[in-house]
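Undergrad: Give me a model of this one.
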Amino acid sequence: MISGLVQILFFQCLGELISKIVLPFLPGPVIGLVLLLIWLNFKKEINPSLLLVSDGFSKYLGVLFVPAAVGVVLFLPQLKNNALPIIGALVGSVVLTIACSAFVLKLLSKNINSDESE
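TA: All right, here's what the predicted structure looks like:
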């Protein structure tokens, strides 16, 4: 179990270092998670202790939403004052995400269809 926790913390620290030095616009834990994913794909197996630790973390993942909920309640007056721009940004980002996803799917389906016809 300790080695699984060490692996997770190692990749998070590595992600933090990369975030501070090379990619300051990306959060360190996100970079660390991507690096861990690449490492696990490269290894083609998951250490049993890493699996145990990750299962333990995923059981209590909902607890991580408590600080976000507290932040929403804390800044409720500012959210009310800026409700229209926030809703506009949310709706715009959803529409843009769906449009980009449809465009990528269309490009990929053309590539797959052209490969099958050859």
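Undergrad: Just the buried residues of the helix or strand of the chain with the lowest mean pLDDT, please?
TA: When the helices and strands of the chain are scored by mean pLDDT, DSSP states H and E, helix 65-74 comes last with a mean of 78. Of all the residues in helix 65-74, not one is buried under the rule 16 or more other Cβ atoms under 10 Å. Where C-beta positions appear, they are placed from N, C-alpha and C, glycine not excepted.
Undergrad: Going by neighbour count, which residues in the helix or strand that that helix is followed by are buried?
TA: Counting by DSSP states H and E, the element after helix 65-74 in chain order, helix or strand, is helix 76-81. Judged by neighbour count (16+ other Cβ under 10 Å), helix 76-81 contains no buried residues.
Undergrad: what's helix 76-81 in contact with?
TA: Helix 76-81 has contacts (Cβ atoms under 8 Å, 6 or more residues apart in numbering) with 72, 86.
Undergrad: and the least confident helix or strand of the chain, what other elements does it pack with?
TA: Here helix 65-74 touches no other helix or strand, going by 3 or more Cβ pairs under 8 Å, 6 or more residues apart in numbering; DSSP states H and E.
Undergrad: which residues sit against that helix?
TA: L79.
Undergrad: Report the distance from it to the chain centre.
TA: Centroid separation for helix 65-74 versus its chain: 19 Å, with Cα atoms, centre = their mean, to the nearest Å.
Undergrad: now swap in stretch 10-21 and tell me
TA: 15 Å.
Undergrad: Also stretch 18-31?
TA: On Cα atoms, centre = their mean, the centre of stretch 18-31 falls 13 Å from the chain's centre.
Undergrad: ok, now stretch 77-95?
TA: With Cα atoms, centre = their mean, you get 22 Å for stretch 77-95.
Undergrad: Fine by me, thanks again.
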